[in-house]
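> Predicted coordinates and the sequence they were generated for:
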Amino acid sequence: MTKRRMFLRMITASLLRRRSRMLIALLSIGIGATILAGLVTIYYDVPRQMRAQMRSYGANMLLMPADGETLTEARLEETLSRFPEETLVGAAPYRYVRLDMTSRQQSFTTAGTDFDAVQKTSPYFSVEGAYPAASREILVGKEIAETIGVKVGSEMELTWQPTAVAEGDASADWVPGAMLSGSAEGWSGGSVSISATLGEDGKIAEITVDASTQTAEFGGRAQTDEAFLNQFVGKSLPLRLTNVTDENAGAGIRTAMSAAPEGSDEVDALTGATVTSSAIVNALNGARTASAASQPRTMKYTVSGILVTGGEEEGYIFMALSDLEALTGEDRLDVAELSVSAEEDQLNAYAEGITEEDNGVTARLVKRVTKSETAVLGKLQALVFLVTVVVLLLTMICVSTTMMAVVSERRREIGLRKALGASDNSIRGEFLGEGIFLGTLGGVLGAVLGFVFAQVVSVNVFGSSITFQPLLLPVTVLVSVAIAAVSCLAPIKRAMAIDPALVLKGE
Amino acid sequence: MLFRMIKGVLFHQKGKMLLIAITIALGASLATGMLNVVMDVEDKVNKELKNYGANITVKPKDVSLLSDIYDTGENGEALNAAYLREDELGKLKTIFWAFNIVDFTPFLDTQVALPDGSSAQVVGTWFNHHLALPTGEELDAGVVGMRSWWEITDGRWLDEADADAGNEIMVGALLAEEKRWTVGETVALTGPEGALDAKIVGIYDAGGDEDSQIFATLDAVQALTDRDGKVTSIEVSALTTPDNDLARRAARNPAALTSRDYETWYCTAYVSAICYQIQEVITGSVASAVRQVAESEGTILDKTKLLMILITALSLIGSALGISNLVTASVMERAQEIGLLKAIGAKDRSITGVVMTEILITALLGFAAGYFMGFGFAQLIGRSVFGSAVEMNPTVIPIVAGLIALVTIAGSIPAIRMVLRLKPAEVLHGGH
């Protein structure tokens, strides 16, 4: 029998024969390792998880248009692409306008936004009723609701007054006798201009076309062709162009064919002058849009919910950005609120990066949120750190006292072996081997159980799972082995220092 | 005889018993420390969360927020202005939950004309206003405590104790940059009812709307607007209990509660209950919870508490297993001695009695030492993390004592039984 096999046999025999004692030692190391692995995992995961919870305080970064620039949704999208997906909790665009409630001669600040995003960036908003789901549904702040007495399900008529009405356009509407005028590009870049008068019913009553820049025998005919011009009379804008014979329809023609929605009134193109015809339709539609943009517009909205925040938002009305755009005809944002899950330094880096990129967007941090978050998170992390240290320290001492007790019990055995002539080193080696075996087994067991514990904590407290830290397994095993070995050595050393005879005698 | 035997074990087998005592002391200190920390953690974290500023705003009943909604007058004031009374502010510290009111500050704002013809908003408030309450309590209240996130980029905080405080102002970073103002400069402010030559003592970066405002003392703004003793709003920072179902029902309408529920609600530091009590002492006011702060506070507190409870549970289980483990080991170690007692005719019951008494005495000593160690650990954590002592909760003593007793008995009884089942001869012979 080789020395090594004998060694193995002695260890296994000792482990098997002393099942209950070894079980106690193993249990003790297992507990220590579980606490080690569990607490360390939690300690590393707490900042990330808590930071996610802290996002309930709302936006911590604002994106605003830089001086002289406008912020559009497209620009916002582009800026948001800088953020890694997992750090961006939400980004709510806001456009603020004042809308009039003519029936009560009051005006309210109205915010156009994206409600899905709002629920992410401002989770503290509380809505009696529901967030708007369909178009033309709005949220009304509690203060407004109480002042004017609206409830969930009420209807409100809101009017948008354009701030700057272009000169000369003021009369241009489909009020009786309103004049529309405009021009569009026709054949070979020549400009075709129109002027039209609207009748009592808002439909075209009269139209004159100036197509003098077009080729006389083709487009030029549009100016005089009675049949062509007469078909405009009695139609409402916008118009669609049909009966296009030209297969190679250019951009202008395609616009004239598709700009107006389905079901709009249609006019046939003049044979041989498709480009000119399309220019006329485009000029009419364009004149209508230009005129409409400068007119007050009123729409009726349903109140889907009353907003309670305890802050100034209670004095606002909120509607979907698309609804507000339909009312004002402008695609423009005043500010975007971002909720970013990152450390303060990282946030500063993002903000500087965005501002420096010079994309017409400046970023500012909401100091109240970022500063406070840093302070509170720092404290929480320090708390978990200290608790972890104290618990680990005490647990490890506990483990080693148990190990010591289990080993000192075998003083007799050590004495006997010594009396039989075993060398100190071989005894020490055997006990160390046992300790290492127990440490490894307990360590692996503890690492697994600790991860399970951390997972339970994470799921219960934060509602999300933890990723396993592979490095933690060897660390846990190493620490367990070290503790087991160290706590074995002290009692063995004491046992060996004594005369075998005394030990055997039981004193 | 029993006494002598026990004394013998305690003194002659000092080493073994010391090991047990140490382990029990460690377990007890762990349990004591963690339980104390977990019971106080809500309070401590709550105080930290005061960093986020006010969680309650108080406004006059008739015009709450109306100046935000309606078109405002020439100088930026609500057309039908109503005010709260400055002299009533001290009453905030007389409500049922007075101790939970951490800080508060009044506001009165107005538009002023600047020398260059433009206008700016001046906010009058308390900075570190010294209040001596009728109850004999003294405190400093104001924005210094409630704007912890302000960064003073230049100069200093306005100090109300200064003789010249009434002529001093603090200016937001954006405004200061736009007007090229620096600390030490004097700016002429013309209000609707008066004028002030104000000296800039500090420039702050608030990272919000306040960056384009001017902050002055409340008295100064009251003089500018001729509104002596009046304020437009009050911000209150209060320690609150996270809302539950009852609190939510009460917030809607306290009158609809049963008298029993009402009492429970009124006597719990729910934000709605504190709001209600504030309304009772401040004439013509509406106090409402700032949900951004109040709601989030609840979330963070609940999460932190649950986290700490789970960690505590783990360490309690750990120390319980550790102690019972060691006790089991120490009993089994004494198999020979027990065998000997049995061989000379001792009854099972008296052997159990002797061994148990020894262990329990050791446990008691360990517990006493452990409790004070745990006290130390709790204070260590409280001092180094939160900078204040952790309150020692007396209920922890019976909990830990019970736990230790249970664990020691649970660890020793089965082991003693097992040892007693062995035949004395076998045990004494040394065979296992």
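Yep, that arrived. Numbering: from 1, shown residues only, chains lettered A, B, ... in the order given.

> Residue of the stretch 151-300 of chain B nearest chain A, please.
Among the residues of the stretch 151-300 of chain B, B:Gly207 lies closest to chain A, at 2.6 Å counting by Cβ to the nearest Cβ. Where C-beta positions appear, they are placed from N, C-alpha and C, glycine not excepted.

> Quick one: classify that residue as helix, strand or coil.
Following DSSP: H, G, I helix; E, B strand; the rest coil, we place B:Gly207 in the coil state.

> Give me the phi and psi for the closest residue to it other than its chain neighbours.
Spatial nearest neighbour of B:Gly207, excluding adjacent residues (Cβ to Cβ, 6 or more residues apart in numbering or on different chains): A:Lys367 at 2.6 Å. Main-chain torsions, A:Lys367, degrees, to the nearest 10: phi -60, psi -40.

> tell me the contacts of A:Lys367?
A:Lys367 makes contact with B:Trp149, B:Trp150, B:Glu151, B:Asp205, B:Ala206, B:Gly207, B:Gly208 under the criterion Cβ atoms under 8 Å, 6 or more residues apart in numbering or on different chains.

> what about the strands in the stretch 301-432 of chain B?
Counting by DSSP state E, counting those that start in this stretch, the stretch 301-432 of chain B has no strands to list.

> burial count for A:Arg21?
21 (other Cβ atoms under 10 Å in any protein chain shown).

> From chain B, how far off is it?
Distance, A:Arg21 to chain B, by Cβ to the nearest Cβ, to the nearest Å: 7 Å.

> Regarding that residue, what is its secondary structure?
Here A:Arg21 is recorded as helix under three-state DSSP.

> Pull the number of nearby residues for the closest residue to it other than its chain neighbours.
Distances taken as Cβ to Cβ, 6+ apart place A:Val406 nearest to A:Arg21, at 5.4 Å, with adjacent residues excluded. The burial count assigned to A:Val406 is 27, neighbours taken as other Cβ under 10 Å.

> How about A:Ile498?
With other Cβ under 10 Å as criterion, A:Ile498 counts 14.

> quick one on the thing from earlier: number of residues surrounding the residue of the stretch 151-300 of chain B closest to chain A?
A count of nearby residues for B:Gly207, using other Cβ under 10 Å, gives 21.

> isn't it right up against A:Ser372?
No - using Cβ atoms under 8 Å, B:Gly207 is not in contact with A:Ser372, being 11.0 Å away.

> Show me where the stretch 101-250 of chain A has its helices.
In the stretch 101-250 of chain A, the helices defined using DSSP state H, counting those that start in this stretch lie at A:115-121, A:142-148, A:226-230.

> Chain B is nearest to which of the ones you listed?
Here helix A:142-148 is closest among the helices of the stretch 101-250 of chain A (Cβ to the nearest Cβ), at 4.4 Å.

> From the contact counts, what lies against that closest one?
Counting contacts by 3 or more Cβ pairs under 8 Å, 6 or more residues apart in numbering or on different chains; DSSP states H and E, helix A:142-148 is packed against strand A:297-308, helix B:66-69.

> Neighbouring strands - and their directions - for the first one?
Right, the one you point to is strand A:297-308. Using DSSP bridges, strand A:297-308 pairs in its sheet with strand A:126-129 (antiparallel), strand A:137-141 (parallel), strand A:155-160 (antiparallel).
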